[in-house]
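Enquirer: sequence-free structure coming up:
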């Protein structure tokens, strides 16, 4: 299971970086999205994958007896997902606005105001 | 010492932002409330600073969960000084914004977002938890995205894409680093991490994690290979917004770097060498960038990059003297860079352009205003006894002591180029007679003279206020230096911080 996660995270990161290096704005955004998901899965993986043992103390004892799933990575991921959701929706609207203003999807067309030396 | 008082600066900013949202489109009320609340927060900042200076580190455990399990807020002298200087800048910018920002922007939520941004900044300075720091960073960047794009002119939109993309990338790298850090240690509390990281055997992995953090913060604070987004985006928003960005947003990255690389990842020789080289490259490339820019605000943007190098240099030398110098520079830079962009805003209002060849004759028209601006520029350059001079002594001293002559050369070149570009700008903008317009250009009506006297005062007062703070940093340098030395000593010996967060026993168990 860990190996599968590692491969998946690798694919997400490499695909994300590849897309970010393209010239299209939409691909830039999709790249950022994939990178963000890769990072979330990485947190999940590094919090150790433990199946079927929720972090709940059984009623007849006062401490954990068995190995349990770490709840912190899940709360971290939840926070990160919410934040990236907000950021991405902002970025999508921004792309639309930029597209309306410049009429182009090409990042190289964004330098009209960088001409002075 | 534990006190809930320390989160008051960020709570006040949040409360103000929420109140302002209910006053949507009622501009006059928004302006007054924003300025008043910034005054209150400044007072709270002063109180917080005096308290941490007198009684030592104050902590707050959110929800009363004991550290390292809950989120800890920590106000040591470093945090509270940053909060104080941020509050000074915030007050100046909010007064300036009441006239400097146009009504349309204010109607669409300039002031609430402004306060959310400062809530994020204060949170980032006060938190003692790595993931919580990430959340505050996100609040800061989301607010800065809105401020960047508010108004929606084409150049703003174009630069916003670069800004948003780079900052989102920085956040992802930061998050990746947090993931690995959590995997290594199982903790997120900075004090706890400080103890746990020291015990990890696999130092290569620790160094890689440290460098990932460095890249994440480096993009935000615009160090050498990662700064390209800054000069191509900071010149587009209105001056008041550029002042917040230039004065504070890069500095929060620097704050995080100082915190992480003195508390959690104690730099080894490889990392300090890397920092020194990056500082050299940042100083030189930033300086070269200033030389070729004709647009004033673009030139100032490169000056930001150049001067970030001074702070990284302190981290690269990593001695108490060097750190004190870098911290002094950090405090000086917050005030003076904010002021620089406010000044450029006044010049823009007077002349209607930022292009230096088209400007001129400002000294003849506004002699008193020009002299005031001159003090700001001289503080920036660091003419003794003004504020930019004193930290450089420390950096040079530490550089000679370490025998890092490459770094010293870079510091000298950067200081010299700063002097040169400011002198060049002074002759171009203030002394040169104004160039005559070509026939197809319309004469620009001076937007400053037509203002009411009170509005003029609102534009000039923040500049004077920050100038006085700069003068104080220069003439009262021994006070700022004793604060910087105190912080630097706490950075070299982190046990008071760890004791304050985790309790006295934490260190003995080790």
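Expert: Nice, thanks for sending it over. In this text the structure is predicted, and so the values were computed from the model without any measurement.

Enquirer: how about the helices in chain A?
Expert: Ranges of helices in chain A, per DSSP state H, are A:2-20, A:25-46, A:71-102.

Enquirer: for the last one, what is the average pLDDT?
Expert: It stands for helix A:71-102. Per-residue pLDDT values over helix A:71-102 give a mean of 89.

Enquirer: buried set for it?
Expert: A:72-73, A:76-77, A:80, A:83-84, A:87-88, A:90-91, A:94-95, A:97-98, A:101-102 (16 or more other C-beta atoms under 10 Å in any protein chain shown). Backbone N, C-alpha and C define where each C-beta goes, glycine included.

Enquirer: so how far is residue B:179 from residue A:77?
Expert: 9 Å (C-beta to C-beta, to the nearest Å).

Enquirer: what do those two both touch?
Expert: Common contact partners of residue A:77 and residue B:179 (C-beta atoms under 8 Å, 6 or more residues apart in numbering or on different chains): residue A:43.

Enquirer: tell me, what residue is most central in chain A?
Expert: In chain A, the centroid-proximal residue (C-alpha atoms, centre = their mean) is residue A:36; its distance is 1.5 Å.

Enquirer: Let's see the pLDDT reported for it.
Expert: 91.

Enquirer: One more: residue A:114?
Expert: Listed pLDDT for residue A:114 reads 55.

Enquirer: for stretch B:254-272, what is the average pLDDT?
Expert: Per-residue pLDDT over stretch B:254-272 has a mean of 90.

Enquirer: what about that stretch, distance to the chain center?
Expert: 18 Å (C-alpha atoms, centre = their mean, to the nearest Å).

Enquirer: Pull out the buried positions in the helix or strand containing residue B:461.
Expert: Using DSSP states H and E, residue B:461 sits in helix B:453-475. Across helix B:453-475, burial judged by 16+ other C-beta under 10 Å covers B:456, B:458-460, B:462-463, B:465-467, B:469-471, B:473-474.

Enquirer: just stretch A:36-56 next, same as before
Expert: Buried, per 16+ other C-beta under 10 Å, within stretch A:36-56: A:36, A:37, A:38, A:39, A:40, A:41, A:42, A:43, A:44, A:45, A:46, A:47.

Enquirer: Out of these, which are close to chain B?
Expert: A:36, A:38, A:39, A:40, A:42, A:43, A:45, A:46, A:47 (C-beta under 8 Å from any C-beta of the partner chain).

Enquirer: The closest residue to the fifth one other than its chain neighbours: how many residues sit nearby?
Expert: Spatial nearest neighbour of residue A:42, chain neighbours left out: residue B:179 (4.3 Å); criterion: C-beta to C-beta, 6 or more residues apart in numbering or on different chains. Residue crowding around residue B:179 was assessed by other C-beta atoms under 10 Å in any protein chain shown; the count is 27.

Enquirer: Quickly note the distance from residue B:128 to residue B:197.
Expert: 15 Å.

Enquirer: And residue B:183, by the same measure?
Expert: 12 Å.

Enquirer: In terms of packing, which of the two has more residues around it?
Expert: The neighbour count for residue B:183 versus residue B:197, taken as other C-beta under 10 Å, is higher for residue B:197 (20 against 17).

Enquirer: what sits up against the helix or strand harbouring that one?
Expert: Here residue B:197, judged by DSSP H and E, is contained in helix B:190-198. Contact with helix B:190-198 is made by B:67-68, B:72, B:74, B:128-130, B:181, B:184-187, B:206, B:259, B:263-266, B:494, B:497-498, B:500-502, B:506-507, B:510, as judged by C-beta under 8 Å, 6+ apart.

Enquirer: How about stretch B:420-432?
Expert: Stretch B:420-432 is contacted by residues B:290-291, B:296, B:299, B:303, B:347, B:356-357, B:359-363, B:370, B:373-374, B:377, B:380-381 when judged by C-beta under 8 Å, 6+ apart.

Enquirer: so how many other residues sit close to residue B:504?
Expert: Quick note: residue B:504 (other C-beta under 10 Å) scores 9 neighbours.

Enquirer: before we move on, what about residue A:14?
Expert: Residues lying near residue A:14 (other C-beta under 10 Å) number 13.

Enquirer: and the gap between it and chain B?
Expert: 13 Å (C-beta to the nearest C-beta, to the nearest Å).

Enquirer: State the pLDDT value of that residue.
Expert: 95.

Enquirer: who touches residue 61 in this structure?
Expert: You didn't say which chain, so I picked chain A. So residue A:61 contacts nothing (C-beta under 8 Å, 6+ apart).

Enquirer: Chain B is the one I meant
Expert: With C-beta under 8 Å, 6+ apart, residue B:61 has these contacts: B:2, B:67, B:70, B:71, B:72, B:73.

Enquirer: Tell me the secondary structure of the residue lying closest to the last one once chain neighbours are set aside, please.
Expert: Spelled out, that is residue B:73. Here the nearest residue to residue B:73 in space, its sequence neighbours aside, is residue B:60; by C-beta to C-beta, 6+ apart that works out to 4.3 Å. With DSSP: H, G, I helix; E, B strand; the rest coil as the basis, residue B:60 sits in strand.

Enquirer: My guess is residue B:60 contacts residue B:10. True?
Expert: No. Assessed by C-beta atoms under 8 Å, residue B:60 is found out of contact with residue B:10, at 11.3 Å.

Enquirer: How about the residues of chain A by chain B?
Expert: A:20, A:25, A:28, A:32, A:35-36, A:38-40, A:42-43, A:45-47, A:70, A:72-73, A:76, A:79-80, A:83, A:86-87, A:90-91, A:94-95, A:97-98, A:101-102, A:107, A:110-114, A:116-117.
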